[in-house]
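Novice: I'd like to go over a predicted model; first the sequence, then the structure.
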Amino acid sequence: MTGDLVDRPSLAADGFRRPAGVPAARLAAEVSVMPASPDPVVRDDRAYAAASRWIREGHFDEVLEELGDSAAGRFAHPEVQARTFAPLTLSLVLSREAAEPGLVTTAAVTRWYGSFSAWYPAEADTRGWDEALGWLHAVAHGADAAAFAEVLPRLRPDLLELCARRMTAPDVPYRYGQLEDARLARAVTRILTGPGLTREQSVGWLDVVARAFEGGGPGPVPVWAFNTCATLQSLHLHLARGIAGEGVPRHAEAVASRVADILRLPYHWLG
C-alpha cells in the first residue's frame, strides 16, 4: 500500500486481485475517481480493468448503488474523458444487477437512466481517439449502456429511440472513425433481441431516422448523415447475421426492410 487508497501499479501487476484488508467502500471511492483522469493508462488499464473484475466478482455488491450514482454524476463533468467513461462503469453495474437482481433499487436505475439519456444524444465530442487523452469513444461507450435494457426491459423502446437520436444528432463535427457505428449497431441489435418488443416497437424508432433525412437535397453529405448511413449499414449486417451466442432479433426481417427503405433515400440506386 502507498499514500493512495491502493497501490495501483502493484494491483495491475497482480491481475487486480482484490487487496486484502481494504474495505469495499474505500476501493469504490478510488475506482470512482480514476475514470476522470486525463491519463489513459489510469482510466483504461487500471480503473476499468479493476472495476470490471471487482464488480463482476461481487466485491462491490454492498456499494454497487453508490458506484452507479458516482458514474451517473460524471455525465455533467466538464472534462470529456470523465463523461465518456461514465457509461462504462454504469454498464458494469447494470450487468451485475442483471446477474444478481436486487443489489440496486429500481429508483436508482431510473435515476441513472435519466442522467444518461440527457447526456448521450447531446454529447458534442464524439472523437473515438485523442492523441493525449487516448480512447474517448462517447458513442461506443454510450452504446454499451444498452445494459439498461437488461435491468429495466420497459426501457427498450426508449433506448432504441435514444440510439436513433444519437446517430442523427445534427451538430457533430466528427465522423465515426473507430468502429462507433458497429458498436452502436450491436447495441441496437441487442436491445431488439430482448424479449417483449412488438413488431411496431422494433421498427417504430426508425421514424426518428427517416424524419432526419426528410428535406435532404444535393450538396455535401453532412457529418450526421454519414454517421447515420454508416450505422444503418452496420445494423443491416447485424440483423442478417445476428450476434454470436445471442441470435437474431425476432423482428429482424421487418427492421432490416425498414432500414433498407431509409437507405434508399441517399442510396437511390439500391434495388
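Specialist: That came through, no problem.

Novice: CA atoms for contacts and neighbours, from now on please.
Specialist: Noted.

Novice: now do the contacts for Leu184.
Specialist: When the contact criterion is CA atoms under 8 Å, 6 or more residues apart in numbering, the partners of Leu184 are Val139, Ala140, Ala143, Cys163, Thr231.

Novice: next, format the residues you listed as JSON lines and append secondary structure and pLDDT.
Specialist: Formatted as JSON lines, these follow (DSSP: H, G, I helix; E, B strand; the rest coil; pLDDT from 0 to 100):
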{"residue": "Val139", "secondary structure": "helix", "pLDDT": "97"}
{"residue": "Ala140", "secondary structure": "helix", "pLDDT": "97"}
{"residue": "Ala143", "secondary structure": "helix", "pLDDT": "96"}
{"residue": "Cys163", "secondary structure": "helix", "pLDDT": "98"}
{"residue": "Thr231", "secondary structure": "helix", "pLDDT": "98"}
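
Novice: pull out the buried members of these.
Specialist: Val139, Ala140, Ala143, Cys163, Thr231 (16 or more other CA atoms under 10 Å).

Novice: hang on, the last one packs against Ala182?
Specialist: Yes - counting by CA atoms under 8 Å, Thr231 does reach Ala182; the two are 6.5 Å apart.

Novice: any idea how far stretch 90-102 is from the chain center?
Specialist: Relative to the centre of its chain, stretch 90-102 is centred 14 Å away, using CA atoms, centre = their mean, to the nearest Å.

Novice: before we move on, back to that, out of the contacts of Leu184, who's nearest Leu90?
Specialist: Proximity of those to Leu90, judged by CA to CA, is greatest for Ala143, which lies at 11.3 Å.

Novice: assess the claim that the closest one and Arg183 are in contact.
Specialist: Yes - the pair Ala143 / Arg183 is scored as a contact, 6.5 Å apart, by CA under 8 Å.

Novice: count of residues packed around the closest residue to His251 other than its chain neighbours?
Specialist: Counting by CA to CA, 6 or more residues apart in numbering, the nearest residue to His251 once its immediate chain neighbours are dropped is Arg199, at 6.0 Å. With neighbours defined by other CA atoms under 10 Å, the count for Arg199 comes to 14.

Novice: repeat for Gly215
Specialist: Number of residues near Gly215 (other CA under 10 Å) recorded here: 6.

Novice: is it true that it lies in a strand?
Specialist: No - if the criterion is DSSP: H, G, I helix; E, B strand; the rest coil, then Gly215 is coil and not within a strand.

Novice: pull the contacting residues for it.
Specialist: Applying CA under 8 Å, 6+ apart, no residues contact Gly215.

Novice: which stretches of the stretch 151-271 of the chain have low pLDDT?
Specialist: Counting by pLDDT under 70, the stretch 151-271 of the chain shows no low-confidence range.

Novice: just so I have it, where are all the helices in it?
Specialist: 156-167, 180-193, 199-204, 206-213, 223-241, 252-263 (DSSP state H, counting those that start in this stretch).

Novice: out of those, deepest packed?
Specialist: Each of the helices of the stretch 151-271 of the chain was assessed for mean neighbour count using mean count of other CA atoms under 10 Å. The highest is helix 180-193, with a mean of 24.

Novice: contacting residues for the closest residue to Pro35 other than its chain neighbours?
Specialist: Using CA to CA, 6+ apart and skipping the chain neighbours, the partner closest in space to Pro35 is Arg43 (4.8 Å). Residues counted as contacts of Arg43 (CA under 8 Å, 6+ apart) are Met34, Pro35, Ala36, Ser37.

Novice: kindly recompute the last result at 10 Å.
Specialist: Contact partners of Arg43, counting by CA atoms under 10 Å, 6 or more residues apart in numbering, are 31, 33-37, 49-50, 81-82, 85, 133-135.
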